[in-house]
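Asks: just coords:
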């Protein structure tokens, strides 16, 4: 997986899976554009890449706003002239509550970031890749895009939608030399899963984590780096015949049915 001479654009790259993916691409020679709404976190990621000898640019953006998305695409092209790999990754978990009690504003917020944000990324990056005649997109879905998860109606709906967008877009652009796939992480050791643990039981989040991990066949949370490796594979020439697919990376949890009870996520 050699990305020398290529440009990788990553949203939600200020931390977690996005940051690990940025580090991975940079370590394999890519020029990396870091996008995040959190300026401090985004600058920190870009700084890490530059400290390690990489070529990186940070762009602050709200992925729910079309103007911001167009701006990060334009800034990438102005700086590097191309977009070879796009990790359409920004997302939020939201609150935990049963569907009959779920807050409408929270539902709208999650759908805006997790669905509209992914759509806008596709809407403005795909034309660039079509014009180039090449490119690979990886959308971040979740195991919650494959099964239900009580207490997370908005998140589950949003991640099912990401898989639908992935399948639709992949068929539209395949003949143009562009591939579109999705990843479905299970519980990954990042801020998001620890946030969920705390929401489920503020008095004993570590107990929630222990229960989660006990239900994973591999016996542990995944790491952001393990997910990043999958993203890089799907963007590489090794995956040249893969498009319209969703890849699960969850330590075997969905295979054994463990994802149906309040599982998250990334």
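Replies: Nice, thanks for sending it over. Keep in mind the model is a prediction, meaning the values are calculated, not measured.
Asks: Does residue 196 lie in a helix or a strand, and which?
Replies: With elements delineated by DSSP states H and E, residue 196 resides in helix 191-200, which encompasses its position.
Asks: And the next helix or strand past that helix?
Replies: Per DSSP H and E, helix 191-200 leads on to helix 205-214 as the next helix or strand towards the C-terminus.
Asks: Flag every buried residue along the following helix or strand past that following helix.
Replies: Tracing the chain C-terminally past helix 205-214 and defining elements by DSSP H and E, one meets helix 224-235 next. Across helix 224-235, burial judged by 16 or more other CB atoms under 10 Å covers 224, 226, 227, 228, 229, 230, 231, 232, 233, 234, 235. Every C-beta, even on glycine, is put in place using the N, C-alpha and C of the backbone.
Asks: and what of stretch 70-88?
Replies: 71-73, 75-76, 80, 82-88.
Asks: can you check stretch 20-32 too?
Replies: Within stretch 20-32, the residues scored as buried using 16+ other CB under 10 Å are 20, 21, 22, 23, 24, 25, 26, 27, 28, 30, 31, 32.
Asks: other SSEs contacting the biggest strand by length in the chain?
Replies: Among all segments of the chain classified by DSSP state E, the strand with the greatest residue count is strand 178-185. With contacts defined as 3 or more CB pairs under 8 Å, 6 or more residues apart in numbering; DSSP states H and E, the packing partners of strand 178-185 are helix 117-132, strand 135-140, helix 153-173, helix 224-235, strand 246-249.
Asks: What pairs with that strand, parallel or antiparallel?
Replies: Next to strand 178-185 in the sheet, as set by DSSP bridges, lie strand 135-140 (parallel), strand 246-249 (parallel).
Asks: just the angle between that strand and helix 117-132, please?
Replies: With axes from the mean of the first three to the mean of the last three CA atoms, to 10 degrees applied, the angle from strand 178-185 to helix 117-132 works out at 150 degrees.
Asks: Number the chain from 761, please
Replies: Will do, 761 is the new start, and the previous item becomes strand 938-945.
Asks: Now for residue 949, how many residues are close by?
Replies: Residue 949 has 17 neighbouring residues, counting by other CB atoms under 10 Å.
Asks: so it makes contact with residue 983?
Replies: Yes: under the criterion of CB atoms under 8 Å, residue 949 lies in contact with residue 983, with a separation of 5.8 Å.
Asks: Now do the same contact list for the closest residue in space to residue 920 that isn't next to it in sequence.
Replies: With CB to CB, 6 or more residues apart in numbering as the measure, residue 905 is the residue that lies nearest to residue 920, at 4.9 Å, once sequence neighbours are left out. Residues counted as contacts of residue 905 (CB atoms under 8 Å, 6 or more residues apart in numbering) are 916, 919, 920, 921, 922, 923, 942, 944, 1006.
Asks: ditto for residue 821
Replies: When contacts are counted by CB under 8 Å, 6+ apart, residue 821 touches 771, 795, 796, 797, 828, 829, 831, 832.
Asks: Find the helix or strand that the closest residue to it other than its chain neighbours is a member of.
Replies: Closest residue to residue 821 in three dimensions, ignoring its sequence neighbours and counting by CB to CB, 6+ apart: residue 828, at 4.0 Å. For residue 828, the element it lies in under DSSP H and E is helix 826-840.
Asks: Does that helix pack against any helices or strands, and if so which?
Replies: Counting contacts by 3+ CB pairs under 8 Å, 6+ apart, helix 826-840 is packed against strand 767-771, strand 791-796, strand 816-820, helix 877-892.
Asks: tally of neighbours for the residue nearest to residue 821?
Replies: Using other CB under 10 Å: residue 828 sits among 18 other residues.
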